[in-house]
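Chemist: I would like the atomic coordinates for the input below:
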Amino acid sequence: MIEFQLAVLEAIARQQSPNIYVELGICGGATYKSILPYVRGHAYAVDTAPGVVEEHVTQTSNPKSNAFSMRTDDFSKLWDEDIRKEIDLIFIDADHCKESVWQDFQNFYKWLKPNTGILAMHDSWPPNQLYTDPGRCGDCYKAIANVKRVEGAEVLTLPFQYGLTLVRKVDSDWRNG
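Modeler: Residues are numbered from 1 along each chain as shown. The predicted structure follows:
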């Protein structure tokens, strides 16, 4: 995670004090560990890479922390069937292909808390075409076009470093005009 994106997500978490935080794709765990102190309720970390969750999350021994070593699609089924909690803050940074990012968005957007929940997506503005390689940002930036077509989705892509897209689910609250 690049410093800018981490600073933005940490600032959101600090202001929001999320009751429920979900991170799909934790890599080295820096983002998860930075957000965890601001979580009031529960934080959920998901990654498929062998040993990543065990190495970076389960070591925290924080009672708020819940780690899952599984595919994000499988985790979404678990969420739909068992956890079923509204999400205040979710960070999508797992598989970097447009189909997977779009699927993660669809699986979890329905659980995003209306008006105040934030869904963040990483690698949404590759600096040049070299970064669209699957080992870097991939083509996940293409999923943002689909997100922009979702009714009620307010979308902002911050075009710095590798890009961070923030999404809010707008409903009929009087402040949404």
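Chemist: For the helix or strand of the chain with the lowest mean pLDDT, name the packing helices and strands.
Modeler: When the helices and strands of the chain are compared on mean pLDDT, DSSP states H and E, helix 52-56 comes out lowest with a mean of 70. On a contact count with 3 or more Cβ pairs under 8 Å, 6 or more residues apart in numbering; DSSP states H and E, helix 52-56 meets strand 42-47, strand 65-69. C-beta: built from backbone N, CA, C; applies to glycine.
Chemist: So which of the ones you listed is nearest Leu89?
Modeler: Judged by Cβ to Cβ, the one of those that comes nearest to Leu89 is strand 42-47, at 9.2 Å.
Chemist: Centre of the chain to the closest one, how far?
Modeler: Centroid separation between strand 42-47 and its chain, computed with Cα atoms, centre = their mean, to the nearest Å, is 10 Å.
Chemist: taking the mean pLDDT, what do you get for that strand?
Modeler: Average pLDDT, strand 42-47: 95.
Chemist: can you check stretch 114-131 too?
Modeler: For stretch 114-131, mean pLDDT is 95.
Chemist: ok, Arg168 touching Tyr109?
Modeler: No: with contact defined as Cβ atoms under 8 Å, Arg168 and Tyr109 do not form a contacting pair (10.5 Å).
Chemist: Please spell out which residues along the lengthiest helix in the chain are buried.
Modeler: Longest helix in the chain, counting residues (DSSP state H): helix 3-16. Judged by neighbour count using 16 or more other Cβ atoms under 10 Å, the buried positions of helix 3-16 are Gln5, Val8, Leu9, Ile12, Ala13, Gln16.
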